[in-house]
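1. Sequence first, predicted coordinates after that:
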Amino acid sequence: MKIKKQWILLLVVAVFALALVGCGNQEANEPGPGPEVTFDGEILIGVMLPMTGGMASFGEDMFGAIEIAANEINAAGGILGKEIILISGDDGGDPATAVNAANMLVSREVVAVVGGYSSGAVLPTLTVYRDAETPMVIAAANSTRIAEENPGWAFQINSTGDYQAYKAAGWFEDLGAETIALVHMGCAFSQNLAHMTRDLWRERGGEVVAYEVVAEGQQDFSAIVTSIRAVNPDVIYWTAYYDLGAPFIMQLRQGGFQGDIVVADGSASIRLLEIAGVAADGIYATAPPVVDFIPAAQGFINAYVSRFNRHPGSFAGLAYDSMRLMADAIERAGSVDNPEAIRQALADTDGFAGLTGLISFTERNTLADNNFLILRAEGGSWAMVE
């Protein structure tokens, strides 16, 4: 039995090495035929994402990436010799639905949870997972409120909103802006980012000439467009999601606004460009580490396209890393029955080589580095600027 476990661990290390090298072929990320793996039981991992509702496209995209990572790990012998079984918890991008999903996952006795797209949906689940002693790796949600309210069992691998505000303000300066307008949705992520960007921009000597809020589901932005046109800012920063961002941008351009438009990571999606069409040409985005701009991610992209017949989205790389990191932490903890050891292993993570970069955590369980990119929309696609 001891020899078998050593063999399994060697295979796990080998697969991790392949993922990190990121060979530019499909086989690097999609296991082919090999020796049949014998598992010593199952390990249930919860996946909390919006699988229905307006954010479902992000949830489906991220779940696919997590599934690829889990399949790779299983092909190498699983976690501590146990087969990963993914249990989906649909949070719908909604706080109340998310609490129900979290309680369901806990009732299923999952060992850990990965995922987490919407900050508003993640926030009320933090105490659910704390009370159940269920560690979570949050792939995308990055409101600083998560760190402020985190009871210690959740870990964010996407840079937090203060890093994004810093990246955005720096880009406004590079664009030569003196005045900006901020538009948010009033949700945990969007309002949090707008508030921090407003304060940071003022600290740098800039002027915020408009600070607007839109309602969820709003489609008519004529009043806000008129208000913004009246003050004519150099840059408009949209901090909400793409489903409202696309019509907002279209109406801004139709209303005659010719200044720069920057969108936050919740709108750094190809879907925004598809909906907005030519109106989106030339806009910028503060974006997460999109796999398209990571040379080592080509093997993952090939595997994703082969499996799902679609291109991975903006948070796929982070979702993939959330599963990989959780597996690594459980291996380091040495047990699936000791949640505190798994939580401590996550806290001790220092330089884990993920697809999206090195992962280390601050004392607040947040990513230590700034992983945001600046993208520019060109002809219906995103291109990296810096």
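-> Now that the structure is in, tell me what you want to look at. What you are looking at is a predicted structure, and each value in this text was computed from that prediction instead of being measured.

2. Please make it C-alpha for all contacts and neighbour counts, starting now.
-> Will do.

3. what's the helix or strand where Leu325 lies packed up against?
-> Assessed by DSSP states H and E, Leu325 sits inside helix 316-333. Applying 3 or more C-alpha pairs under 8 Å, 6 or more residues apart in numbering; DSSP states H and E, one finds that helix 316-333 makes contact with helix 56-75, strand 112-115, strand 136-138, helix 339-347, strand 350-354.

4. To Ala377, which of those lies closest?
-> The minimum distance between Ala377 and the helices and strands packed on helix 316-333 falls on helix 56-75, with 19.1 Å, by C-alpha to C-alpha.

5. buried sites along that closest one?
-> Judged by neighbour count (16 or more other C-alpha atoms under 10 Å), helix 56-75 contains these buried residues: 56-75.

6. List the contacts of the helix or strand immediately after that helix in the chain.
-> Beyond helix 56-75 in the direction of the C-terminus, DSSP H and E gives the next helix or strand as strand 83-90. The list of residues contacting strand 83-90 from outside it, by C-alpha atoms under 8 Å, 6 or more residues apart in numbering, reads 39-52, 67, 70-71, 73-74, 77-78, 97-98, 101-102, 104-105, 110.

7. Distance from the following helix or strand past strand 83-90 to the middle of the chain?
-> Using DSSP H and E, the helix or strand that directly follows strand 83-90 along the chain is helix 95-107. Mean-position distance between helix 95-107 and its chain equals 19 Å (C-alpha atoms, centre = their mean, to the nearest Å).

8. what mean pLDDT would you report for helix 95-107?
-> Computed over helix 95-107, the mean pLDDT rounds to 98.

9. in it, what's buried?
-> Neighbour counts over helix 95-107 (16+ other C-alpha under 10 Å) mark Pro95, Thr97, Ala98, Val99, Asn100, Ala101, Ala102, Asn103, Met104, Leu105, Val106 as buried.

10. residue boundaries of the strands in the chain?
-> The residue ranges that make up the strands of the chain, judged by DSSP state E, are 42-49, 83-90, 112-115, 136-138, 154-156, 179-184, 207-213, 235-238, 260-263, 284-287, 350-354, 357-360, 373-378, 381-384.

11. Just put those in a markdown table and tack on distance to Val305 and mean neighbour count.
-> As requested, the strands of the chain are arranged in a markdown table below (distance: least, C-alpha to C-alpha, whole Å; neighbours: other C-alpha atoms under 10 Å):
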| stretch | distance to Val305 | mean neighbour count |
| --- | --- | --- |
| strand 42-49 | 21 | 24 |
| strand 83-90 | 21 | 20 |
| strand 112-115 | 20 | 28 |
| strand 136-138 | 24 | 27 |
| strand 154-156 | 26 | 27 |
| strand 179-184 | 33 | 23 |
| strand 207-213 | 37 | 18 |
| strand 235-238 | 30 | 25 |
| strand 260-263 | 26 | 24 |
| strand 284-287 | 21 | 26 |
| strand 350-354 | 20 | 16 |
| strand 357-360 | 22 | 19 |
| strand 373-378 | 22 | 21 |
| strand 381-384 | 17 | 17 |
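
12. Would you format those as CSV with distance to Asp199 and mean pLDDT included?
-> As requested, the strands of the chain are exported to CSV (distance: least, C-alpha to C-alpha, whole Å; pLDDT from 0 to 100):
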stretch, distance to Asp199, mean pLDDT
strand 42-49, 31, 98
strand 83-90, 35, 98
strand 112-115, 30, 98
strand 136-138, 26, 98
strand 154-156, 23, 98
strand 179-184, 11, 98
strand 207-213, 9, 98
strand 235-238, 14, 98
strand 260-263, 17, 98
strand 284-287, 18, 98
strand 350-354, 31, 97
strand 357-360, 27, 97
strand 373-378, 21, 97
strand 381-384, 27, 96
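
13. Please work out how many residues are found near Gln230.
-> If you look again at residue 230, you'll see it is Ala, not Gln. Using other C-alpha atoms under 10 Å as the criterion, Ala230 is surrounded by 11 other residues.

14. For Asp260, see how far away it is.
-> With distances taken as C-alpha to C-alpha, to the nearest Å, Ala230 is found 16 Å from Asp260.
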